[in-house]
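J.: Prediction below, plus the sequence it came from.
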Amino acid sequence: MLKQLLTRLPLTLKRIRKQLTLETEKKSVMVGLAALLVFGVSAPAAAAAYTVQPGDSLWLIGQRYGVSVTALQQANGLWTDLIYPGDVLTIPDGGTPAALASRGSARPSMREVELLAQMITAEAQGEPYEGKVAVGAVILNRLRDPRFPNTLEGVLYETDAFEPILNGTFYQTPDAESIRAAQDALAGWDPTGGALYFYNPSRAWSTWIFSRPVLTQIGNHVFAK
C-alpha cells in the first residue's frame, strides 16, 4: 500500500500544482474583468485626418479645427507652410470641428449664430439689411435641403461653395448688423422665397449659375433656386 502511495505521489502533486495554476489564472482574469468594469478602459482615439482641398492653407485648416499652425506642422513633420490639394494631414489630438446642430435641430447655438454672421459679413458687406438676411437664409435653406451637408459647418465649408472660405475673409469678427441678420434668418425670415444660391451678376463667371431659376434680386445679389 505504501509503495502504491509513493508511486502515485508525484502524479498527485502534479495535479495539485496544475489546479493551483488554473485557480491563479482564473483569479487574474476575474480581477482584470473587475478592473474593466470599475475603472473602464478607453482606447487611444485615432488621430483625425484631413484631405487638403484647393484654396486650403495651414492657417485656414487650423481655424477650422481649432489648432495652431505650429501644432499642424509638428503633427505632420512640416518645415514650411506649403501644402497641396490631395495631401492628407494629421490633425493633432483635440482638434475637431466645432460640434454644431445638424439638419432638423430646433435651437441654434451661439456658435451657429456667430458662424452664420461671419459668412454674412464676408458675403454681404455693404448690402442692405434685407440682403444680409437673405444671404443667411440661403445658407439655412441649404442646411434643410438633403442635397447639401446636414450641418451648418458642413454647408459653410463645402468645397468651393463660398469664396470667403477660400480667400480667408470668412475668418473675421462679424459686425453687429450681421449678427442681427443671422438671428433674423435663424428665426425664419427668408426674403428670397427659398433660394439655394446667390451671386453678383457683375462678378459671377459661371454659366451654370446663370442657368438657375431666378427668384428675386436684393441689392447687388441675385437669388436663385
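T.: Thanks, I have the structure now. Note that the structure is predicted; figures quoted are calculated from it, not measured. Residues are numbered from 1 along each chain as shown.
J.: only C-alpha atoms for contact and neighbour calcs from this point on.
T.: OK.
J.: all helices of the chain, in order?
T.: 2-39, 58-65, 69-76, 110-124, 129-144, 152-157, 163-167, 176-186, 207-210 (DSSP state H).
J.: If you average pLDDT over each of these, which is lowest?
T.: Note on those: lowest mean pLDDT is at helix 2-39, with a mean of 48.
J.: Return the distance of the residue nearest to residue 88 when sequence neighbours are not counted relative to residue 159.
T.: Leaving aside its chain neighbours, residue 88 sits nearest to residue 51 (4.4 Å; criterion: C-alpha to C-alpha, 6 or more residues apart in numbering). For residue 51, the distance to residue 159 equals 11 Å [C-alpha to C-alpha, to the nearest Å].
J.: what do you get for residue 138?
T.: Relative to residue 159, residue 138 is positioned 17 Å away (C-alpha to C-alpha).
J.: re earlier: show me the contacts for the residue nearest to residue 88.
T.: Contact analysis of residue 51 by C-alpha atoms under 8 Å, 6 or more residues apart in numbering lists 85-89.
J.: are any of those residues buried, and which?
T.: Using 16 or more other C-alpha atoms under 10 Å as the burial test, the contacts of residue 51 include residue 89 as buried.
J.: of all the contacts of residue 51, which comes closest to residue 195?
T.: Distance to residue 195, by C-alpha to C-alpha, is smallest for residue 85 among those, at 30.7 Å.
J.: per-residue pLDDT, the closest one?
T.: Predicted confidence (pLDDT) for residue 85: 85.
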